[in-house]
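Novice: I would like to see how this sequence folds:
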Amino acid sequence: ELATEIAPTFSKALNNLGVCRLRVRDDVAAEAIFRRGLTLEPNDPALLTNLLRLLQQQARTAEVGTLLGQLEQLKVSNPFFFLFRGYEALADNDNARALDYMAEALRRESELPEVHVGLAEAYLALGDLDRARHHVGRALKLDATHPEARRLLALVNR
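Specialist: Residues are numbered from 1 along each chain as shown. Model (predicted):
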């Protein structure tokens, strides 16, 4: 919240605040924050992806379709498109396809912790704990406080 007060047009801070709101199950606030960020940066892939996931969880299919179209236009260079598709494949229990999407995200951007978290999720779904552990470790090297990476660390070290 402080970051968005200091720099109200910093889309990454808005995205992070929206994700925090999602984690405490304040979907209404999260959506408002993501939409506020998108008014500043209409093609911000992180904001688009997070809003898309939220709308998908709420079964708002018409809005999902619109945002997915917008995100697909960015896919040529954007790892978040492939992460989103990977998580869709995981939700459909198509783990091999999920891994393909996550690997494509890695080819596009290897220094995002979210990419390594996605790969760890895919490898976990495939039962490959060694590779999942590797990507969790890589995500935590990039961001030691990343909540999803920390959650996965507990899973892969059981």
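Novice: My guess is P45 contacts F82. True?
Specialist: No: using CB atoms under 8 Å, P45 is not in contact with F82, being 10.1 Å away. Bear in mind the C-beta positions are built from the backbone N, C-alpha and C, glycine included.
Novice: Do you have the strands of the protein handy? List them.
Specialist: Remark: no strands are assigned in the chain by DSSP state E.
Novice: which residues of it score low on pLDDT?
Specialist: 75-77 (pLDDT under 70).
Novice: Just the helices from it, written as ranges.
Specialist: Secondary structure of the chain, counting by DSSP state H: helices at 2-6, 11-23, 27-40, 45-57, 61-73, 79-91, 95-108, 113-126, 129-142, 147-156.
Novice: out of those helices, deepest packed?
Specialist: Using mean count of other CB atoms under 10 Å, the stretch among the helices of the chain with the greatest mean number of neighbours is helix 113-126 (a mean of 24).
Novice: which residues sit against that one?
Specialist: When contacts are defined by CB atoms under 8 Å, 6 or more residues apart in numbering, helix 113-126 is touched by residues 79-80, 83, 86-87, 90, 93, 95-96, 98-99, 102-103, 105-106, 109, 129, 131-133, 135-136, 138-140, 142-143, 146, 148-149, 152, 155-156.
Novice: Relative to the whole chain's centre, how far out is it?
Specialist: 11 Å (CA atoms, centre = their mean, to the nearest Å).
Novice: quick one: that helix to helix 129-142, angle?
Specialist: Per axes from the mean of the first three to the mean of the last three CA atoms, to 10 degrees, the angle that helix 113-126 makes with helix 129-142 is 160 degrees.
Novice: With just CA atoms, put helix 113-126 into PDB.
Specialist: Provided in PDB are the C-alpha atoms of helix 113-126 (Å, rounded to 0.1, in the frame of the first residue of the first chain):
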ATOM      1  CA  PRO A 113      10.300 -15.900 -10.200                       C
ATOM      2  CA  GLU A 114       6.800 -16.500 -11.500                       C
ATOM      3  CA  VAL A 115       8.200 -18.500 -14.400                       C
ATOM      4  CA  HIS A 116      10.100 -20.800 -12.100                       C
ATOM      5  CA  VAL A 117       7.100 -21.200  -9.800                       C
ATOM      6  CA  GLY A 118       5.000 -22.200 -12.900                       C
ATOM      7  CA  LEU A 119       7.700 -24.700 -13.900                       C
ATOM      8  CA  ALA A 120       7.800 -26.100 -10.300                       C
ATOM      9  CA  GLU A 121       4.000 -26.500 -10.300                       C
ATOM     10  CA  ALA A 122       4.100 -28.300 -13.600                       C
ATOM     11  CA  TYR A 123       6.900 -30.600 -12.500                       C
ATOM     12  CA  LEU A 124       5.100 -31.300  -9.300                       C
ATOM     13  CA  ALA A 125       2.000 -32.300 -11.300                       C
ATOM     14  CA  LEU A 126       4.200 -34.600 -13.300                       C
END
